[in-house]
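# this is a predicted model, with the sequence first.
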Amino acid sequence: MIIENFTPWLSLIGGLTIGISAAALLFFNGKIAGISGISKSLLAEFETAAEKHWRQAFTIGLIIGGAITVYFAPEMTAKTLNLPLLQMIGGGLIVGFGTAMGNGCTSGHGVCGLARRSRRSLASVLTFMGSGFVTMYLMTHLFSLERFY
Amino acid sequence: MKSILSALLTGLVFGLGLGLAGMMNPTKVQGFLDLNGHWDPSLAFVMGGAVVVTFVVFPLIIRRSRPLLAKEFSLPSSTDLDRPLILGAVLFGIGWAISGLCPGPALANLSSLNPGVFGFVFSMFVGFWLHRQVVQVRKKQSHSGS
């Protein structure tokens, strides 16, 4: 194993920032910052307008925050990459279905669920991490799918 | 109105955090998942940093009687380790590795105008929709079948 492109400090600062944001959403709005849940329910009908509006606002904020990164540090985003379209469409479909079925992703189960000491979230995080590692191994060893560089 | 503004701002900070962390770069995500090649452990520091904050702060917040700008906390109540939870997580991990994106970084990347990101986000919503159809069909079957 060779360790490469390691950015511990920047990633730690990014992680702390994500944690602060999730804590702020809980403190001010009483909501869990689970991105798959938030975006999934954008398609659904809501009992009250407020339920819809905070989700729309959070999503718009997320897109703006991402846009700031894309503008100032494009090399840290997908801006400069040539991504294989079919692979991305397939990945998106599986991520959408899987996170809807498992009720959460990296943010809802990872960042927020572990903090709530939820055993469902711990099981989810261990499972999707394991599944991710195994899939990457199979992709690069059994199938001819290349990692992006 | 204040609650909409706080949702907008927390979303913005979340997006900035994803960018700083390196989560918006699919090559970095795949580099983390590829233990066998040239491994990039950075993303462990992302989850570590985020959870250090939330793990300490969440219990303190939930102990309060209510959130600052809302009537009550909306928290998941389910505790079952059921099949959809595990199967869904397995699928999520597969898609995450294939594409190097999870839902947050995908949305944050929309402004990159990368066709691969657009493809991912579109099909992710198709995946949400498909799951809802499956659940609805299951419900109908269990109503008429029993």
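Thanks, I have the structure now.

# who's in contact with residue 30?
Going with chain A. B:66-67, B:69-74 (C-beta atoms under 8 Å, 6 or more residues apart in numbering or on different chains). Yep, even glycine has a C-beta here, placed from its N, CA and C like the rest.

# wrong chain, I was asking about chain B
Applying C-beta under 8 Å, 6+ apart, we find residue B:30 in contact with A:136, A:147-148, B:97, B:100.

# in a markdown table: those, plus distance to residue B:127 and pLDDT.
Shown next, in a markdown table, are the contacts of residue B:30 (distance: C-beta to C-beta, whole Å; pLDDT from 0 to 100):
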| residue | distance to residue B:127 | pLDDT |
| --- | --- | --- |
| A:136 | 20 | 95 |
| A:147 | 23 | 73 |
| A:148 | 21 | 76 |
| B:97 | 16 | 97 |
| B:100 | 17 | 97 |
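
# show me these that map onto strands.
With strands defined by DSSP state E, no entry of those lies inside them.

# name the nearest of those residues relative to residue A:18.
residue B:100 (17.7 Å; C-beta to C-beta).

# that closest one - nearest residue in space that isn't next to it in sequence?
Counting by C-beta to C-beta, 6 or more residues apart in numbering or on different chains, residue B:26 is the residue found nearest to residue B:100 once chain neighbours are left out, at 2.7 Å.

# thought residue A:110 was touching residue A:125, still the case?
Yes - using C-beta atoms under 8 Å, residue A:125 makes contact with residue A:110 at a distance of 5.2 Å.

# and those two? Which one has more around it.
residue A:110 (26 against 23; other C-beta atoms under 10 Å in any protein chain shown).

# correct me if wrong: that one contacts residue A:121.
Yes - contact criterion C-beta under 8 Å: residue A:110 and residue A:121 qualify, at 7.3 Å.

# if you rank the contacts of residue B:30 by neighbours, which is first?
residue B:100 (31 neighbours).

# pretty sure that one contacts residue B:29?
Yes - assessed by C-beta under 8 Å, residue B:100 is found in contact with residue B:29 at 4.2 Å.

# quick one, helices of chain A?
A:8-29, A:35-41, A:49-72, A:85-101, A:119-141 (DSSP state H).

# now those in JSON lines, with distance to residue B:129?
JSON lines is the format used below for the helices of chain A (distance: least, C-beta to C-beta, whole Å):
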{"stretch": "helix A:8-29", "distance to residue B:129": "25"}
{"stretch": "helix A:35-41", "distance to residue B:129": "9"}
{"stretch": "helix A:49-72", "distance to residue B:129": "16"}
{"stretch": "helix A:85-101", "distance to residue B:129": "8"}
{"stretch": "helix A:119-141", "distance to residue B:129": "21"}
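
# from the contacts of residue B:30, which is closest to residue A:26?
Among the contacts of residue B:30, and counting by C-beta to C-beta, the member closest to residue A:26 is residue B:100, at 28.3 Å.

# which ones are touching the closest one?
Per C-beta under 8 Å, 6+ apart, neighbours of residue B:100: A:91, A:148, B:25-30.

# sec struct for residue B:18, please.
Three-state assignment for residue B:18 (DSSP: H, G, I helix; E, B strand; the rest coil): helix.

# so it makes contact with residue B:104?
Yes - in this structure, residue B:18 is within contact of residue B:104 by C-beta under 8 Å, at 5.7 Å.

# so for chain A, the centremost residue is which one?
By C-alpha atoms, centre = their mean, chain A has its centre lying nearest to residue A:106, at 5.0 Å.

# what's the nearest residue to it once chain neighbours are set aside sitting at in phi/psi?
In space, and not counting its chain neighbours, residue A:106 is closest to residue B:102: 4.8 Å by C-beta to C-beta, 6+ apart. Dihedral angles of residue B:102 (phi, psi; degrees, to the nearest 10) stand at phi -120, psi 170.

# residues near residue B:102, how many?
Per other C-beta under 10 Å, the neighbour tally for residue B:102 reads 29.
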